[in-house]
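Asks: what follows is a predicted protein model with its sequence.
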Amino acid sequence: MNNSLIKQAGYINGQWCEAENGATITVTNPATGETLGQVPDMGILETRAAIDAASQALVSWRDVAPKERARLLRCWYDLIIEHKEDLARLMTLEQGKPLFETRGEVLYGASYIEWYAEEGKRAYGKVFAAPTADKRALSVQQPIGVVAAITPWNFPNAMITRKIGPALAAGCTIVVKPSEETPFSALALMALAEQAGIPAGVINMVTSSQAAAVGQVLTDDSRVRKLSFTGSTRVGKLLYGQSAATVKKLSLELGGNAPFIVFDDADLDAAVAGAVISKFRNAGQTCVCANRILVQDGIHDAFVARFKEAVEKLVVGNGLEDTSTLGPVINKAAVDKIASMVDKAQSEGASLVTGGRRHPAGELFFAPTILTNVTQSMEIARQEIFGPVAPVIRFKDDAEAIAIANDTPYGLAAYFFTESHSRIWKLAEALEYGMVGINEGILSNEIAPFGGVKESGLGREGSSQGLEDYMETKYLCMGGI
Ligand code: ADP
């Protein structure tokens, strides 16, 4: 691995730095428990310094021509692609997911930088029809200012690039606090941003285990005009509240409880393949993961039989081995929570089809699991599982499927499989979700607006909307014409 990518320091104002008090966080490999290294455990002081740096850098960065910002972003993108294998290996080491997934994530993450390098040149204002003969009315798009980003461990690369890409393209500067579980992937991106020539202070990264304290500094500071957060609904709500005092703009990508609905007329092969990828990628630890598999009466038994066959072919193991298709979960609290959810579901009447136990590959591995006879009232159908467990709920007709699917405070992603044209439209419109996969188990990419409704969040990442979320519209009213 290229050692210049392994950074055991934070990145503030173009400098690699330690925590003021010398404290560190130890990062471990979830597949083996081995220590990978240390990063600084920064706090209030360093977060303030990062905001100072971002504020100073804003003065010039917002005036850099969009074409030049695009050139720098493109250069960063090219470097990420050049180092994609090292970035993927580093991510598997600290996060656990198999190499085929981390290779995919590096490309997916990079695609946001490439897309926004292009899209930043297309931030158009508007000229309106004049309200009266002596006036003219127009609007311009301007960067919001300093942005704070707080990101999770499940996509250690892409959740960062899809915030930094549009922020920088729009002319904003940024302070990022990556997850304490996966800081190395984040810092490797900083090393490449530095090589690309992105000026000091434009991107700053504070590594910390004191998330609440860092979050408080970021939300209290009135120079931070926007907060972009991806993580749990619980923390998202806290940050939403904390942002009220300074009326920050917010992008919140929070939890989900995705229904994956299989109708009698579905293409069974496609539905099974979609369910496996949607449920089990990243060991079930994505916010858009199928959380409940709803299957219609007529196809239920055939689907479960085929699903079981496919799930039993998953190869559980260390993600660095090329044969592995299912890695560990992130930490002990996660594996304990999953085990207790599976036990509770069975005690509430669910039947175990396969799995249902910890896996001998290591302390943080859980066997891929299918439960049937699950009902919507069980805890496993109401909470985000974030593990390799597929609860199957049986339903009779479209109305029941829609009612079950929408019976949740979450509204991120939903999926359904059917060959009926009319059902496609009706379901697509009835599902209270920000994103709907139709005969498709994977839906995220840089060209599309990613985001949720209800308690799953605010704002969209990706697409032209992702850029607008980092810009303010300023109306110019010209009189005396
Ligand atoms: P997850 O369950 O995915 O770890 P969290 O919401 O706990 O989700 O974490 C997502 C990110 O939010 C991480 O970077 C974490 O350090 C950070 N975080 C956790 N608690 C807080 C908090 N009180 N304020 C600000 N950030 C927080």
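Replies: Perfect, I can see it now.
Asks: mean confidence for stretch 185-205?
Replies: Mean pLDDT, stretch 185-205: 98.
Asks: could you tell me the end-to-end distance of that stretch?
Replies: From its first residue to its last, stretch 185-205 covers 12 Å (Cα to Cα, to the nearest Å).
Asks: ok, it near the ligand or not?
Replies: No - Stretch 185-205 does not reach the ligand (Cβ under 6 Å from any ligand atom); its nearest approach is 9.7 Å. All C-beta atoms are positioned from the backbone trio N, CA, C, and that covers glycine.
Asks: of all the residues in that stretch, which ones are buried?
Replies: 185-194, 196, 198-199, 201-205 (16 or more other Cβ atoms under 10 Å).
Asks: just the ones of the residues you listed in strands?
Replies: 203-205 (DSSP state E).
Asks: ok, those residues vs the ligand, which is closest?
Replies: residue 205 (11.7 Å; Cβ to the nearest ligand atom).
Asks: mind listing what that closest one touches?
Replies: By Cβ atoms under 8 Å, 6 or more residues apart in numbering, residue 205 lies in contact with 10-12, 50, 175-178, 186-187, 190.
Asks: for it, which non-adjacent residue is closest in space?
Replies: Excluding its sequence neighbours, the residue lying closest to residue 205 (Cβ to Cβ, 6 or more residues apart in numbering) is residue 11, at 4.4 Å.
Asks: with residue 437 instead?
Replies: Nearest non-adjacent residue to residue 437, counting by Cβ to Cβ, 6+ apart: residue 415, 4.0 Å away.
Asks: on that earlier part again, with secondary structure added, can I get the contacts of residue 205 in a markdown table?
Replies: Listed next are the contacts of residue 205 as a markdown table, based on DSSP: H, G, I helix; E, B strand; the rest coil:
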| residue | secondary structure |
| --- | --- |
| 10 | strand |
| 11 | strand |
| 12 | strand |
| 50 | helix |
| 175 | strand |
| 176 | strand |
| 177 | strand |
| 178 | coil |
| 186 | helix |
| 187 | helix |
| 190 | helix |
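Asks: just the residues you listed now: which is nearest residue 370?
Replies: The closest of the contacts of residue 205 to residue 370 turns out to be residue 178 (Cβ to Cβ; 33.5 Å).
Asks: could you verify my assumption that that closest one touches residue 184?
Replies: No - assessed by Cβ atoms under 8 Å, residue 178 is found out of contact with residue 184, at 9.2 Å.
Asks: hang on, the earlier thing: next one, pLDDT for the residue nearest to residue 205 please.
Replies: So, for residue 11, pLDDT stands at 98.
Asks: again with the one 3 residues further on
Replies: Here, the pLDDT recorded for residue 14 equals 98.
Asks: and if you look at residue 1?
Replies: pLDDT at residue 1 comes out at 77.
Asks: equivalent analysis for residue 212, please.
Replies: Value for residue 212, per-residue pLDDT: 98.
Asks: for the closest residue to residue 458 other than its chain neighbours, give me the pLDDT.
Replies: With sequence-adjacent residues excluded and distances taken as Cβ to Cβ, 6+ apart, residue 458 is closest to residue 252, at 4.7 Å. Predicted confidence (pLDDT) for residue 252: 98.
Asks: about what we covered before: what sits in contact with each of residue 178 and residue 184?
Replies: Shared contacts of residue 178 and residue 184 (Cβ under 8 Å, 6+ apart): residue 156.
Asks: the more surrounded of the two?
Replies: Taking other Cβ atoms under 10 Å, residue 178 and residue 184 do not tie; residue 178 has more neighbours (27 against 24).
Asks: now whichever residue of the stretch 351-481 of the chain sits closest to the ligand: phi and psi?
Replies: Residue nearest to the ligand within the stretch 351-481 of the chain (Cβ to the nearest ligand atom): residue 386, separated by 7.3 Å. According to degrees, to the nearest 10, the main-chain angles of residue 386 amount to phi 50, psi 50.
Asks: can you check residue 366 too?
Replies: phi -130, psi 130.
Asks: how many residues are close by it?
Replies: 26.
Asks: list the beta-bridge partners for it.
Replies: Taking DSSP bridges as the rule, residue 366 bridges to residue 358.
Asks: wait, it sits on residue 360?
Replies: No - assessed by Cβ under 8 Å, residue 366 is found out of contact with residue 360, at 11.0 Å.
Asks: surely residue 391 is in a strand?
Replies: Yes - counting by three-state DSSP, residue 391 is located in a strand.
Asks: tell me what the residue nearest to it when sequence neighbours are not counted is bridged to.
Replies: Excluding the flanking residues, the one nearest residue 391 by Cβ to Cβ, 6+ apart is residue 374, at 4.0 Å. Bridge pairing for residue 374 (DSSP bridges) gives the partners residue 393.
Asks: what sits against residue 374?
Replies: Counting by Cβ under 8 Å, 6+ apart, residue 374 touches 292, 345, 350, 380-381, 391-393.
Asks: neighbouring contacts of the helix or strand hosting residue 241?
Replies: Per DSSP states H and E: residue 241 is located in helix 233-242. Residues outside helix 233-242 that contact it (Cβ under 8 Å, 6+ apart): 150, 211, 215-216, 219-220, 227, 229, 250, 252, 254-255, 410, 455-457.
Asks: between those residues, which has the most around it?
Replies: Busiest of the contacts of helix 233-242 [other Cβ under 10 Å] is residue 229, holding 30 neighbours.
Asks: and the residue nearest to residue 391, what pLDDT?
Replies: So, for residue 374, pLDDT stands at 98.
Asks: return the residues of the stretch 151-300 of the chain in contact with the ligand.
Replies: Within the stretch 151-300 of the chain, the positions adjacent to the ligand are 151-152, 177, 179-180, 211-212, 215, 231-232, 235, 238-239 by Cβ under 6 Å from any ligand atom.
Asks: out of those residues, which are buried?
Replies: Applying 16+ other Cβ under 10 Å to these, the neighbour count classes 151-152, 177, 179-180, 215, 231, 235, 238-239 as buried.
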